[in-house]
Each structure stands twice: as C-alpha cells, then as structure tokens.
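Participant: Turn this into a structure:
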Amino acid sequence: MKIWIDADACPRVIKEIVFRASQRLKVPVCLVANSDLSRAHTSLITSVRVAAGFDIADDYIADHAAASDLVITADIPLAARVVEKGGVALDPRGELYTEENVGERLSMRNLMQELRNDGMLLGGPPQFNLADRQRFASALDRLLTRMVRGDRP
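Facilitator: Residues are numbered from 1 along each chain as shown. Alright, predicted model coming up:
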C-alpha cells in the first residue's frame, strides 16, 4: 500500500497530516507535482517531479497507483480514473470518491466549468478551513485503519 498525493494544489496542512499518518503507520507516500517540492524526504516520503503540462501529474499518478493504494486529490477527473481502476481516492476536504458518487461529481464539475467559461459563474470552491482539515484527518484515519488491515473502504 502506498499513498499518492497530487501535490501541486494540495494544501500544506493536508500534506503534513498525511506525513504524520505515514510515519505512524509506516506507509510510504509519494508526492507528484510539476514544480519543485521543498520537502525533506525520508525513507517513507518521496516525490516525483513531472514535466509541466496539462494533466501530466494526474497521468503519472493514474498510471502508477495500484488498486491497493490511496490517492489524495481534489482533481475529480483523476479521482474518477483511480476509482475506475479499483483504487481509493480522497479529497483534501475529506470526501471519499466512490463508484457511486464519482460520476455525479464529475458531471457537476464539468457543468460548473462550463458555467465559469461562459461567464455565468464566478469563483471557485470555498476557502479551505479548519472544519475541512478536521474532516480530512478523520476520513484519512478511518481509511488507513481499514486499508492497513486489508479491508476495502
């Protein structure tokens, strides 16, 4: 089992929560980004820097993550690809993507993007807050407990 982090847009506090869980449970973590990551690597925490470009980091994660891995991402198309392969994807706000909800989330994301492109909607998601951080930490703890035991979430 490995934890993959779509690291370009992942909040630092979420990465730190994952790093602590990694150390506690001895689960390896790989950060994937198209920019330099200033993180002291350990035997459990590594990073991959991919070329700049649209979806390059997502493609790398989708190609390398196994069904037994956990992917942390706010990118719904990437989450859909992970779930389609039988993997587990968790949003930095603590939402677990499943076969039951990822299609709906992807449709909603596409609709919102169209509305923004047409100028009918401004802005993006709400600002990341303490409740989001707590929800993520709880969801991560529950998921890792199950996954380390070999249970499917």
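Participant: quick one, what contacts residue 146?
Facilitator: 152-153 (Cβ atoms under 8 Å, 6 or more residues apart in numbering). C-beta: built from backbone N, CA, C; applies to glycine.
Participant: so which helix or strand takes in it?
Facilitator: When elements are assigned from DSSP states H and E, residue 146 belongs to helix 130-149.
Participant: Residue 51 belongs to a strand, doesn't it?
Facilitator: No: assigned with DSSP: H, G, I helix; E, B strand; the rest coil, residue 51 falls outside any strand and is coil.
Participant: so it touches residue 35, yeah?
Facilitator: No: distance between residue 51 and residue 35: 11.0 Å, which falls outside the contact criterion (Cβ atoms under 8 Å).
Participant: Could you check which of those two is surrounded by more residues?
Facilitator: Neighbour count, other Cβ atoms under 10 Å: between residue 51 and residue 35, residue 35 has more, with 11 against 8.
Participant: mind checking how far that one is from residue 65?
Facilitator: Shown here: residue 35 relative to residue 65, a distance of 20 Å by Cβ to Cβ, to the nearest Å.
Participant: shaky segments in this protein?
Facilitator: By pLDDT under 70, the weakly predicted segments of the chain are 38-40, 109, 111-112, 116, 121, 123-124.
Participant: Would you state the strands of it in chain order?
Facilitator: Taking DSSP state E, the strands of the chain run over residues 3-6, 29-33, 45-49, 70-72, 88-90, 96-97.
Participant: got these as TSV, with mean neighbour count and distance to residue 139 columns?
Facilitator: Output for the strands of the chain, formatted as TSV (neighbours: other Cβ atoms under 10 Å; distance: least, Cβ to Cβ, whole Å):
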stretch	mean neighbour count	distance to residue 139
strand 3-6	26	13
strand 29-33	23	16
strand 45-49	16	20
strand 70-72	25	10
strand 88-90	26	6
strand 96-97	20	6
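Participant: Thanks again, I'm all set now.
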